[in-house]
Structure formats: C-alpha cells, structure tokens
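>>> give the three-dimensional model of this entry:
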Amino acid sequence: MVDEGRKLYIGNLDPSMTPRDLEHPFSRFGHVANVWVARTPPGFAFVTFDDARDAADAVKEMDGQRIGSKHIRCELAKSEGRGGRGGRGGGFGG
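Sure thing, here's the model as predicted:
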C-alpha cells in the first residue's frame with residue numbers, strides 16, 4: 001500500500017518523545033497505522049494513517065500545536081521520488 005497522502009512529517013519534537021506520545025493525540029483523527037520516531041538525529045517523526053483524509057485533517061489541526069514541551073510542525077511527508085526512501089517535510093523554518 002502506498003503511503004502517499006497518508007504519511008505525515010512531524011518536526012520540532014522534544015527528543016524524549018516516544019511513538020506512544022504521538023499516537024495518542026493523532027489517533028483522534030482516525031486510525032494510525034504506524035508511528036516512527038527518529039533517534040539519530042532526534043526531533044522528528046513520521047505518522048501514517050490508514051486514510052489520506054484523516055491525515056489531511058490532522059495536518060490542519062495539529063500544525064503548531066504543543067506536544068510535550070514544544071510546538072510541532074505537521075505536514076504531509078514528501079517522497080524523494082521513485083525509488084527513494086520516503087521523505088521528510090520540505091523547507092527549513094522554525
């Protein structure tokens with residue numbers, strides 16, 4: 001199953017965040033299929049929903065919200081193109 005439109009990039013995370021810390025607030029938008037939290041380097045994660053509409057709703061509501069001690073970035077993940085490993089969100093900002 002392709003993740004396009006269902007996978008979110010979550011940035012500016014507190015390094016102590018766990019998958020469970022993210023699954024709870026995002027599950028209110030729909031079924032969360034997967035949560036992956038980066039450890040090296042820390043500070044970002046990917047949350048994948050079963051349905052792209054749920055992912056779109058989560059982006060609208062969660063971008064800029066506080067989770068833990070930080071206000072997060074939430075956007076649709078961008079693929080790196082054919083054969084890529086999937087992608088982070090684009091741009092740099094804070």
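
>>> list the buried residues in the top helix by length along the chain.
Using DSSP state H to define each element, the chain has its longest helix at helix 52-62. Within helix 52-62, the residues that count as buried by 16 or more other C-beta atoms under 10 Å are 54, 55, 56, 58, 59, 62. All C-beta atoms are positioned from the backbone trio N, CA, C, and that covers glycine.

>>> now those residues in TSV, with pLDDT and distance to residue 33?
As requested, the buried residues of helix 52-62 are arranged in TSV below (pLDDT from 0 to 100; distance: C-beta to C-beta, whole Å):
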residue	pLDDT	distance to residue 33
54	98	10
55	98	10
56	98	15
58	98	13
59	98	16
62	98	16
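
>>> and which of those residues is nearest to residue 48?
Taking C-beta to C-beta as the measure, residue 55 is the one of the buried residues of helix 52-62 closest to residue 48, at 7.9 Å.

>>> wait, the closest one touches residue 7, no?
Yes - between residue 55 and residue 7 there is a contact at 7.1 Å, judged by C-beta atoms under 8 Å.
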